[in-house]
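> what would the 3D arrangement of this be:
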Amino acid sequence: MLCLDGEVQTSCPLASRPTMESEESMTTEQPNAPQEFGDTEYIRATDLYWQLARAAQVRALVSMLSCVATLFHLAFVHFFLTEIIPVLDKKQHDGWFLLVFIVAFFGSGLIVSWLMTIFYCRPQVVCPRCAQSLWSCGTDNFKPRRMRIRSGVTCCPHCYLPIR
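Predicted coordinates for the structure are as follows:
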């Protein structure tokens, strides 16, 4: 085949490309050719399960890492307020800091988990036909090993594409 520079080459990307006649015959001869995005017949339950489990795994990991980061930040603040700038008496400081620690440590994990569900998990698990989230088809469990497809869910809640 003659390439752009005028030489005959077999390594040219255009040399290996089939002609229009052969492309048309390829699409009619192959019944299992990849379908369009919206022409899916059903959702595979195993694929949906693995998407749900993977999204839950990432959410759990990021939530736990946020708790560890909060722990280090609170330790730094505690050291800064008690050793570098002694603001309050030791007893007063320990009383309110314990309350701040409990709220910040557990609250940061809950807030990060909620944000991860909205901004990561729901967009990760989508229907191939309508591109809406299938996150509601899962059990919404925090532990990835316990994440399952809800019992009674047989189709996409938006376009009713069956789950098999």
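> quick one: contacts for the residue lying closest to residue 134 once chain neighbours are set aside?
In this structure, residue 134 finds its nearest non-sequential neighbour in residue 125, 4.7 Å apart by C-beta to C-beta, 6 or more residues apart in numbering. Every C-beta, even on glycine, is put in place using the N, C-alpha and C of the backbone. Neighbouring residues of residue 125 by C-beta atoms under 8 Å, 6 or more residues apart in numbering: 48, 51-52, 55, 133-135, 137-138.
> what's next to stretch 126-137, contact-wise?
Here stretch 126-137 makes contact (C-beta under 8 Å, 6+ apart) with 37-40, 43, 48, 51-52, 55, 117, 121-123, 125, 149-150, 153, 156-159, 161, 163.
> in ChimeraX, how would I select the buried members of these?
Buried members of the contacts of stretch 126-137, defined by 16 or more other C-beta atoms under 10 Å, are picked up in ChimeraX with:
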select :43,48,51,52,55,117,121,122,125,149,153,156,161,163
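> just the ones of the contacts of stretch 126-137 in strands?
Among the contacts of stretch 126-137, no residue falls in strands (DSSP state E).
> returning to what we had before: just the contacts of residue 125: which are in helices?
Judged by DSSP state H, the contacts of residue 125 include 48, 51-52, 55 as members of helices.
> Throw the residues you listed into JSON lines and include distance to residue 77, thanks.
Below are those laid out as JSON lines (distance: C-beta to C-beta, whole Å):
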{"residue": "48", "distance to residue 77": "43"}
{"residue": "51", "distance to residue 77": "39"}
{"residue": "52", "distance to residue 77": "37"}
{"residue": "55", "distance to residue 77": "33"}
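> elements contacting the helix or strand containing residue 114?
Assigned by DSSP states H and E, residue 114 belongs to helix 90-116. For helix 90-116, the packing partners by 3 or more C-beta pairs under 8 Å, 6 or more residues apart in numbering; DSSP states H and E come out as helix 45-79.
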